[in-house]
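Trainee: Output the structure for:
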Amino acid sequence: MASLIVRRLHGALLVLVTALGVGIAVQPVGAVKVRVEFDKMFDFSQVHTWAWNANAGQVVLARTRDDDPDAFKKRAEPVILDAVSMEMPRRGLKPATGTPDVTLIYYLLLTVGSSAQTLGQFLPSTAQWGLPYFAPSTTSLSVIQQGSLVLDVSANGTLIWRGIGEAEIEPGIDEKKRTALLREGVQDILRRFPPK
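Mentor: Numbers count the residues shown, from 1 in each chain. Okay, the predicted model is just below:
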């Protein structure tokens, strides 16, 4: 079940940030890649109020089998909720007192990826230069911890906007800086909401 969730989220996300885990830090916000997808048929000018979904979000950790998503969520969720709550009024939306125009949910994914190069991988498929045949061997290997934050906005149960922030994450920065970087990542994503 967890691997199915990871595959679904990883394909849609490969996201940003979160640096609130034990010994995890996000690169500077300049390194965060943000992209947005939205329903072009939806009239965003009619959106005035917002609220969190019944379940505000989900954290998926796919680094080691010892990862504890619940413990990580307890540290990350308050920062995400607060950062979004501060940013939405800047986007012209008020918290809903009744039925909201839109609801939000976040997904936070931390995973490990790798990048490798092999000897001869950049040669054309038909190298006619008299090069001896050689067995491919790895010449460069990089293991990367990746973090992603996805913010989904729905209206009447239908997804209308998705903001995705992605970054490589590195070990070793203090919690105060990690929190600040996560907040900046949320701001970068929501800066593109609502779409023009």
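
Trainee: Where do the strands of the chain begin and end?
Mentor: Secondary structure of the chain by DSSP state E: the strands cover 24-26, 33-38, 49-62, 94-95, 102-118, 138-155, 158-171.

Trainee: Which of those sits closest to residue 88?
Mentor: Ranking the strands of the chain by proximity to residue 88 (CB to CB) places strand 49-62 first, at 5.6 Å. Backbone N, C-alpha and C define where each C-beta goes, glycine included.

Trainee: Now do that closest one: which elements does it pack against?
Mentor: helix 2-12, helix 69-87, strand 94-95, strand 102-118 (3 or more CB pairs under 8 Å, 6 or more residues apart in numbering; DSSP states H and E).

Trainee: What's the separation between the closest residue to residue 107 other than its chain neighbours and residue 45?
Mentor: The spatially closest residue to residue 107, leaving aside those adjacent along the chain, is residue 150, at 4.2 Å (CB to CB, 6 or more residues apart in numbering). Distance, residue 150 to residue 45, by CB to CB, to the nearest Å: 24 Å.

Trainee: The two - which one has more neighbours?
Mentor: Counted by other CB atoms under 10 Å, residue 150 and residue 45 do not tie: residue 150 has more neighbours, with 23 against 8.

Trainee: The more buried one and residue 98, how far apart?
Mentor: Taken as CB to CB, the span from residue 150 to residue 98 is 27 Å.

Trainee: Same check on residue 152?
Mentor: 21 Å.

Trainee: Comparing those two, which residue is more hemmed in?
Mentor: Under the criterion of other CB under 10 Å, the comparison of residue 152 against residue 98 puts residue 152 first, with 20 against 6.
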